[in-house]
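>>> What follows is a predicted structure for the sequence shown.
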Amino acid sequence: MAEFQQKGEEGVIANEAPNTSEGFKYFGNRLCPFAHRAWWASKEKAISESDPDGFEYFHIELGEGKPAWYQATVNPLGTVPALFQDGNAIFESNIVAEYLDEKYPGRGTQLLPSDPAKRAQVRLLISRFGELIVKPLYGLLMNPDEEQYPALYKAAREALIKFNAEFERFAPAPAGDNYLLGGDQFSLADIVAVPFLDRFEATLLYYRHVTLLPEDGKHDRLRSTLALSRQRPAFKVTGQLPEFYVWAYKAYAKRVSEDSVKAHL
């Protein structure tokens, strides 16, 4: 497998906390799916290092390599992403993405619908993703007890099927190519979900020998938005290769043999 590293060309490493009282500074890491949401949103809003507001991307190493100054002086939560604009601090991925959408309403891609009712609907479905999906996916990937795989895999499958069904119910659309809201209605809902789908499609196949979104008709909206999102220019410059995610999660997951998994599933 190719050698990878947390830092990409997109970010710079600071030896000490930068001045966050002025300018436009973003703190992220390309391993983290939460940080990916905000970084992807910034590209959808056509924000770049050459932006007139002076956008700067600072790479924050995760794990033992995280700089002590980050939590002490930048983000008391110790998480990525974090964004500062003219001294104003914005934390948490969904909040950062919404901030960028509201800060630059006529620029790039509109991430939230203009209709208040539809915005509320998007926020509900985003909340449901956090409630339903994140925990069972990590549970399946990170648990080393093979005897628990059947229950963990069942929980992950049921969560994904339920989430897919909620979009089919609240945002019905004809069969075919659809973002989560249906048709070509790309939104913050896709930005919230796809970084996780992209990572776990690769890692669950490699480490657990299971398919994240089988072609069984129960995941069509999720399968579709994953395929469509991967074609977006903003995603292409923020997403990584499947091999990168396999490497990135090696500390979380023990690889087991396919025969061993089949024996338990």
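Looks like it arrived, so ask away.
>>> avg pLDDT for stretch 17-37?
Averaged across stretch 17-37, pLDDT comes to 95.
>>> tell me which residues in it are buried?
Going by neighbour count (16 or more other CB atoms under 10 Å), the buried part of stretch 17-37 is 18, 20, 24-37. C-betas here are computed from N, CA, C, even on glycine.
>>> closest to residue 54 among the residues you listed?
Set against residue 54, the nearest of those by CB to CB is residue 24 (5.1 Å).
>>> any idea how far that closest one is from residue 104?
For residue 24, the distance to residue 104 (CB to CB, to the nearest Å) stands at 11 Å.
>>> With residue 136 instead?
Residue 136 is 35 Å from residue 104, by CB to CB.
>>> In the stretch 1-150 of the chain, where is pLDDT below threshold?
In the predicted model of the stretch 1-150 of the chain, residues 1-2, 50, 52 satisfy pLDDT under 70.
>>> and which of the buried residues of stretch 17-37 is nearest to residue 144?
Relative to residue 144, the closest of these is residue 31; by CB to CB it sits at 20.6 Å.
>>> if I pick the closest one, what's in contact with it?
6, 62, 248 (CB atoms under 8 Å, 6 or more residues apart in numbering).
>>> Likewise for residue 13?
Taking CB under 8 Å, 6+ apart, we find residue 13 in contact with 7, 58-59, 61.
>>> among the contacts of residue 31, who's most crowded?
Counting neighbours by other CB atoms under 10 Å, residue 248 comes out on top of those with 21 neighbours.
>>> For that one, what are phi and psi?
phi -60, psi -30 (degrees, to the nearest 10).
>>> and it, what pLDDT?
Residue 248 carries a pLDDT value of 94.
>>> cool, residue 175 as well?
Here the pLDDT value assigned to residue 175 is 86.
>>> what number of residues lie near it?
So residue 175, with other CB under 10 Å, has 8 neighbours.
>>> Surely it and residue 221 touch.
No - checked against CB atoms under 8 Å, the pair residue 175 and residue 221 is beyond contact range at 10.1 Å.
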